[in-house]
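A.B. asks: next one to model:
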Amino acid sequence: MEQRWKWKSDEFHKESLAQHSEQIIVYDLSSTTEKLEIWLEKFSPSSLSRKEGIGYIAVTPCSDNAVKKVPPPDLFRAWETLCNEEENIAWKDALHLAEKYDLKQGKWIFMAQTGPKANCLWKRVATSLVHGELGRYSTFAKITARNDDIPNYKHAISIRTDDFTDRKDVMAVEQCLRRAGVKCMMKYKPNINSHLGIYRKNDWNILPTLYHSVYDVRNWESVVHSTDGKYPAHQRGVSEGEEEDLIVL
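C.D. replies: The predicted structure follows:
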């Protein structure tokens, strides 16, 4: 399979839509008597493959929380009109549409090498979420199934929040994830960017992620950078060495 960092934005969008059309295996605490620990062993992410038609494994304390807000057709018409009429499209335009159509969900995302590492990190996240330890507005998490077409595959783990404009809540969830034992780089992506097809290497040069969090192991604390939807002045797009497969979400 072609390395995904060479793809363009529309190819990432197609990949995302394809994966979302596949089966999602969900643990719903409100409708099952099976213990989470047993369920996690049965459906470990590294043992489930997209070749089996499985796109994601997910957990939620209540099925009502699993509902992802569906964008109305008017959103896409408004975006198309904007792109046709305006020369300089920026993050503020996507933000305006998110607020207008009340599409303010987002997610913290991080990568984990398939195998024991991914299984362990997913277990920590899933257990913390179901037990209510990731904040009151974080009620749904998922991980991609293994993709055998990609060498050295890394799973994308995402934890949803309800309102990306609520910085206090977004940062609270980040801290909860750190306390749960997640020490790798994390990035926060508003769902509106996925809805509008804003992936890396997009025509508008909008950075798809809003926050980047790196854990400083020497000082035992997170360092969070706000991007405002902009690439650094010296950088257009993403370097090949950067782990950006997570943007296919």
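A.B. asks: the helix or strand encompassing Lys187: partners in the sheet, and parallel or antiparallel?
C.D. replies: Assessed by DSSP states H and E, Lys187 sits inside strand 186-190. When pairing is defined by DSSP bridges, strand 186-190 lines up against strand 106-113 (antiparallel), strand 211-216 (antiparallel).
A.B. asks: quick check: what element follows the last one along the chain?
C.D. replies: It refers to strand 211-216. Criterion used, DSSP H and E; the element after strand 211-216 is strand 221-226.
A.B. asks: direction included, what does that next one pair up with?
C.D. replies: Assessed with DSSP bridges, strand 221-226 is paired to strand 211-216 (antiparallel).
A.B. asks: show me what the host helix or strand of Arg124 is packed against.
C.D. replies: Here Arg124 sits within helix 116-130, counting by DSSP H and E. Using 3 or more C-beta pairs under 8 Å, 6 or more residues apart in numbering; DSSP states H and E, the elements in contact with helix 116-130 are helix 36-42, strand 54-60, strand 106-113, strand 141-144, strand 154-161, helix 167-179. C-beta here means a position set from N, CA and C on the backbone, and glycine is covered the same way.
A.B. asks: how about it as CSV, C-alpha atoms only?
C.D. replies: Written as CSV, here are the backbone C-alpha positions of helix 116-130 (Å, rounded to 0.1, in the frame of the first residue of the first chain):
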residue,chain,number,x,y,z
PRO,A,116,0.9,-5.3,23.2
LYS,A,117,1.5,-1.5,23.3
ALA,A,118,-1.8,-0.7,21.5
ASN,A,119,-3.7,-3.2,23.5
CYS,A,120,-2.3,-1.9,26.8
LEU,A,121,-3.0,1.8,26.1
TRP,A,122,-6.5,1.1,24.7
LYS,A,123,-7.3,-0.9,27.9
ARG,A,124,-6.2,2.1,30.0
VAL,A,125,-8.3,4.5,28.0
ALA,A,126,-11.3,2.3,27.8
THR,A,127,-11.3,1.4,31.5
SER,A,128,-10.8,5.0,32.6
LEU,A,129,-13.7,6.2,30.4
VAL,A,130,-16.2,3.6,31.4
